[in-house]
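Visitor: Sequence and computational prediction follow.
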Amino acid sequence: MAADAMTDPPSVGIISERLRGLLQRAREIKSVETIDPPLPVSDLVQGVSSLGQDVFESQPDVHKFSVVETAARKIFYETIVRTSALVASSGPSQTNVSTAIH
């Protein structure tokens, strides 16, 4: 992953941090770790719609989508690594996967 960070444009890092902020906000809005009640998406709409507002300027949509996809993929991979490390260190019977996501 470190090598990837060196080759990614700065916009990927900016969008990654904003996505992490949105995920944190979602955790604050919905503090329970169950499916119900659903996360009220309306509380996140403004953050999502302004995700790349000052980052992309006049870039084509395909570039914007690529940057957001790359940022989301990095966060997803980081979560998998943390979850895998948690499972390996505590054993499957004692693992609380939601802990790895936080």
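Guide: Now that the structure is in, tell me what you want to look at.

Visitor: okay, and for this protein, where does confidence drop off?
Guide: Counting by pLDDT under 70, the low-confidence segments of the chain come to 1-6, 91-102.

Visitor: can you pull out the helices in it?
Guide: In the chain, helices defined by DSSP state H lie at 2-7, 10-29, 45-49, 61-90, 97-101, listed in chain order.

Visitor: out of those, nearest to Pro37?
Guide: helix 10-29 (10.6 Å; C-beta to C-beta). (C-beta placed from N, C-alpha, C; glycine too.)

Visitor: picking that back up, now the helices of the chain as a markdown table including mean neighbour count and distance to Pro37?
Guide: Formatted as a markdown table, these follow (neighbours: other C-beta atoms under 10 Å; distance: least, C-beta to C-beta, whole Å):
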| stretch | mean neighbour count | distance to Pro37 |
| --- | --- | --- |
| helix 2-7 | 8 | 37 |
| helix 10-29 | 15 | 11 |
| helix 45-49 | 11 | 18 |
| helix 61-90 | 14 | 23 |
| helix 97-101 | 13 | 16 |
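
Visitor: of all these, which lies closest to Leu39?
Guide: helix 10-29 (5.8 Å).

Visitor: by contact count, what packs against the closest one?
Guide: Here helix 10-29 touches helix 45-49, helix 61-90, going by 3 or more C-beta pairs under 8 Å, 6 or more residues apart in numbering; DSSP states H and E.

Visitor: Can you add distance to Leu19 and give these back as TSV?
Guide: Conversion of the helices and strands packed on helix 10-29 to TSV gives the following (distance: least, C-beta to C-beta, whole Å):
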stretch	distance to Leu19
helix 45-49	9
helix 61-90	6
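
Visitor: of all the ones you listed, which lies closest to Val55?
Guide: Using C-beta to C-beta, the nearest of the helices and strands packed on helix 10-29 to Val55 is helix 61-90, at 7.6 Å.

Visitor: what is the orientation angle of the closest one with helix 10-29?
Guide: 60 degrees (axes from the mean of the first three to the mean of the last three C-alpha atoms, to 10 degrees).
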